[in-house]
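Q: Sequence first, then the predicted structure:
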Amino acid sequence: MRQPPVNVVGFSASPRAKGSTAWVVETILEGARDQGMPARYWSAADLDLQPCRACFACRTKDRRCVIQDDMAPVHASILEAQALVLGAPIFMGQMSAQAKIFLDRLHPFFAPRFSPTFQEEHAGKALVLAFVQGNPDPGLFQTYVDYTRHLFMTLEFDVRECVVVAGTRSGEAPDQADLRARLKGIGASLAT
């Protein structure tokens, strides 16, 4: 029996399967599910994802990546979805290596409107960016957060929210007051 379509896909780009980034993404998805939106969760910690080889095979007619890893089902779920929630820990002032691999592997389907490989049918997908960092100052890496938001906008995503969860070095995200309600609210807003 065929499963109903996934309306929201969450991807935790952390090497830790059960860390703060995973909790943040899952909590946002919980808010979407509360609004009746089916959701699918992926964790980089559970997947074999190889870096892009820049071979451009994915830009041929069949749009398939030559790398034989776990990205194909992730691609399929993202293409079916109306929204994507990307959780990325900030390591060394920018997204984790796992997040960068994920971003690069979106290459077959997402391109700027001015690109000869732009695909109108994939433009406008709603996106929530959720950054998680150990440093307690949520504005410390704001330049990078803004850069990443702009990058996804250039790739024709409809960036709905860009949240920074800070201070996880001194305590896990679930322990932060009012954070759960805020994240669930972000997820719920994807239904509109």
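A: Perfect, I can see it now.
Q: what's the next secondary structure element after the helix or strand of the chain at the bottom of the mean pLDDT ranking?
A: Within the chain, no helix or strand scores below helix 71-80, which has a mean of 94 by mean pLDDT, DSSP states H and E. Next in sequence after helix 71-80, counting helices and strands by DSSP states H and E, comes strand 83-91.
Q: Tell me where the chain has helices.
A: Using DSSP state H, the helices of the chain run over residues 20-34, 71-80, 97-104, 142-154, 179-189.
Q: and of those helices, who's closest to Ala123?
A: Ala123 sits nearest to helix 142-154 of all the helices of the chain, at 11.0 Å, using C-beta to C-beta. For every residue, glycine as well, the C-beta is placed using N, CA and C.
Q: The residue nearest the centre of the chain: what's it in contact with?
A: Using C-alpha atoms, centre = their mean, the residue of the chain that lies closest to the mean C-alpha position is Leu86, 1.7 Å off. By C-beta atoms under 8 Å, 6 or more residues apart in numbering, the contact set of Leu86 is Gly10, Phe11, Ala13, Val25, Ala99, Phe102, Leu127, Val128, Leu129, Ala130.
Q: Recalculate using a threshold of 6 Å.
A: Applying C-beta atoms under 6 Å, 6 or more residues apart in numbering, we find Leu86 in contact with Phe11, Leu129.
Q: Just say which of the helices of the chain is most tucked in.
A: Taking mean count of other C-beta atoms under 10 Å as the contact definition, the stretch among these with the greatest mean neighbour count is helix 20-34, which reaches a mean of 24.
Q: tell me the average confidence for that helix?
A: Across helix 20-34, pLDDT averages out at 97.
Q: Please determine how far the closest residue to Phe110 other than its chain neighbours is located from Arg169.
A: The shortest distance from Phe110 to any residue that is not its chain neighbour, by C-beta to C-beta, 6 or more residues apart in numbering, is 4.5 Å, and that residue is Leu155. The spacing between Leu155 and Arg169, counted by C-beta to C-beta, to the nearest Å, is 31 Å.
Q: How about Val74?
A: Applying C-beta to C-beta, one obtains 29 Å for the distance of Val74 from Arg169.
Q: swap in Gln98?
A: 19 Å.
Q: and what of Arg40?
A: Look at Arg40 and Arg169: by C-beta to C-beta, they are 30 Å apart.
Q: Tell me which of the two has more neighbours.
A: Taking neighbours as other C-beta atoms under 10 Å, Arg40 and Arg169 compare with Arg40 leading, 19 against 11.
Q: Looking at the residue lying closest to Gln82 once chain neighbours are set aside now. What's its pLDDT?
A: Take Gln82 and drop its neighbours on the chain: the residue closest to it by C-beta to C-beta, 6+ apart is Asn7, 4.9 Å away. The per-residue pLDDT reported for Asn7 equals 93.
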